[in-house]
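> have a look; sequence and predicted model below, questions after that.
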Amino acid sequence: MKETIDRFLIQIEMMNLNISGGKPALKKPLCLLLLISKFENKTIAENKIRFVELEKELGELIISFGARPNKSGPKPNQPNPFNT
């Protein structure tokens, strides 16, 4: 179990974040935290998640926690490596 957690932490540390205007984009970390909270609260019953199920809530998190100014609002799906 400890090895699994250690590998997970290493992968988080290696996560690439887009930087624009000197500030990191927070979409990936916010998406990851949202997923962790859903697993913790048992609101996800299986190990399969469709991005469309997270998109609205992720957009709200992006606005709340430092979205870059954008006339059309947050775009949680652009770019999104998790969107398959």
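Ah, there it is. Because the structure is a prediction, the values reported are computed rather than measured. Numbers count the residues shown, from 1 in each chain.
> which stretch of helix or strand covers the spatially most central residue of the chain?
Taking C-alpha atoms, centre = their mean, the centroid of the chain lies closest to Cys31, which sits 1.5 Å from it. If you go by DSSP states H and E, Cys31 is part of helix 27-40.
> phi and psi next, for the residue nearest to Asn18 when sequence neighbours are not counted.
Nearest residue to Asn18 in three dimensions, chain neighbours excluded: Ala25, at 4.2 Å (C-beta to C-beta, 6 or more residues apart in numbering). (C-beta placed from N, C-alpha, C; glycine too.) Ala25 adopts backbone torsions of phi -80, psi 140, taken as degrees, to the nearest 10.
> what lies in contact with whatever helix or strand Leu9 lives in?
Secondary-structure assignment from DSSP H and E places Leu9 in helix 2-13. Residues external to helix 2-13 that are found in contact with it (C-beta atoms under 8 Å, 6 or more residues apart in numbering): Leu32.
> tell me the first helix or strand C-terminal of that helix.
Heading C-terminal from helix 2-13 (DSSP H and E), you reach strand 19-20.
> what lines up beside that next one in the sheet?
strand 23-24 (antiparallel) (DSSP bridges).
> pLDDT on the strand it pairs with, on average?
The average of the pLDDT scores along strand 23-24 is 79.
> any idea how far the helix holding Leu9 is from the chain center?
17 Å (C-alpha atoms, centre = their mean, to the nearest Å).
> same check on stretch 40-60?
With C-alpha atoms, centre = their mean, you get 10 Å for stretch 40-60.
> quick check: buried residues in it?
Within stretch 40-60, the residues that qualify as buried are 54-55, 58-59, counting by 16 or more other C-beta atoms under 10 Å.
> closest to Leu17 out of the residues you listed?
Leu58 (15.3 Å; C-beta to C-beta).
> rewinding a little: I'd say the residue nearest to the centre of the chain and Glu53 touch.
No - contact criterion C-beta atoms under 8 Å: Cys31 and Glu53 do not qualify, at 11.7 Å.
> before we move on, the earlier item: so which elements touch the helix holding Cys31?
If you count contacts as 3 or more C-beta pairs under 8 Å, 6 or more residues apart in numbering; DSSP states H and E, helix 27-40 packs onto helix 55-64.
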